[in-house]
Structure formats: C-alpha cells, structure tokens
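J.: predicted model and sequence follow; I will ask about them next.
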Amino acid sequence: MTMIRAVLVALFLGVACGAGAQVCTFNTPPGGITFTSFDPSVATTQTAQTSVTVRCTSSGSPTWQFSGANGNAPLRMKHSTLNAYIPYTVAATFVSQGGGNQRWTLTATVFGQDYQDAVVGSYSDLLAVTIIP
C-alpha cells in the first residue's frame, strides 16, 4: 500500500484595517495543519484542523482570506521534489467568544478524487492567513 503525506503550514500573514481604524490581531496564531496519510487506493475525503484566537476592535465576525505559496485558485500542496500538486480548500468556523477574543477553527479539506492518482510522496504548502475586520 502506498501512502501520501500532506502538511499545510499556516502562517499569520497580516492584519488589515477597515474604516475607522478597525483592527484584528492574532492572539493565538494558527499552527500547522497535518493530514493523516492519504491512501490513494481508498481515496476518501480528508480533513485536518488547527485553532486560532483573534481579537477585533469591531463587533461582528472578521473576513478570512487564504493564499498559498503554490497557488490560490485552487489552493494546492506541492510534492517535495516533483512538479505534482494536490488541491485543497480551507474554511474558518467560529467556535466561541470570551473576554473580547474570538476562537476559530481552520479546517482544510482534500477530496479523495484529487489525490487518488497523485504521485506518492510528501506534499506541503505555506498557507498565509489574513483577517479583515
């Protein structure tokens, strides 16, 4: 059985300001997102998560933007030595709020059909995360 290893390294990219100098900051930056090994013979959809805590001076939910070092439309992980890629998506889900902080989960998803014919090996991407109040 051949396996594929995939890792996303989440990186705090920046904080954007909106009208009236509204600001969001990362209190707990996102960590790495590591998938379990992909088995191309089964090719089921895989998800992996990391948590992040932000503080925004405005009320309401911030807008999340994700960009990858290996492409944005779609986001994709690159093989460690070959020009081979596996696309993925990322979504932010609100978890809770307390003391002015908002806790979120970032969930990355890879669909089975997107890696069932992938070259065996390790894949990764550097994911930049930007929040906008």
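T.: Yep, that arrived.
J.: how about the strands in the chain?
T.: Per DSSP state E, the chain carries strands over the ranges 4-15, 24-28, 33-34, 46-56, 63-68, 75-79, 85-98, 101-110, 121-132.
J.: so which of those strands gets nearest Pro40?
T.: Nearest of those to Pro40, taken as CB to CB: strand 4-15 at 6.6 Å. No exception for glycine: its C-beta is placed from N, CA and C like everyone else's.
J.: and that closest one, what's its mean pLDDT?
T.: Average pLDDT, strand 4-15: 59.
J.: could we number from 103 for the rest of this?
T.: Right, with 103 as the first residue, what we last looked at is strand 106-117.
J.: follow-up on the earlier one: out of the strands of the chain, indicate the one that is most buried.
T.: Ranked by average neighbour count under the criterion mean count of other CB atoms under 10 Å, the strands of the chain are headed by strand 177-181 at a mean of 22.
J.: output the contacting helices and strands for that strand.
T.: The contact analysis (3 or more CB pairs under 8 Å, 6 or more residues apart in numbering; DSSP states H and E) places strand 177-181 against strand 106-117, strand 165-170, strand 187-200, strand 223-234.
J.: could you rerun that using 10 Å?
T.: strand 106-117, strand 165-170, strand 187-200, strand 203-212, strand 223-234 (3 or more CB pairs under 10 Å, 6 or more residues apart in numbering; DSSP states H and E).
J.: now it against strand 223-234, angle please.
T.: Inter-element angle recorded for strand 177-181 and strand 223-234: 150 degrees (by axes from the mean of the first three to the mean of the last three CA atoms, to 10 degrees).
J.: could I get the average pLDDT for strand 177-181?
T.: pLDDT averaged over strand 177-181 gives 93.
J.: what lies in contact with it?
T.: Around strand 177-181, the neighbours that count as contacts under CB atoms under 10 Å, 6 or more residues apart in numbering are 106, 108-110, 137, 168-173, 186-192, 210, 212, 216-217, 220-229.
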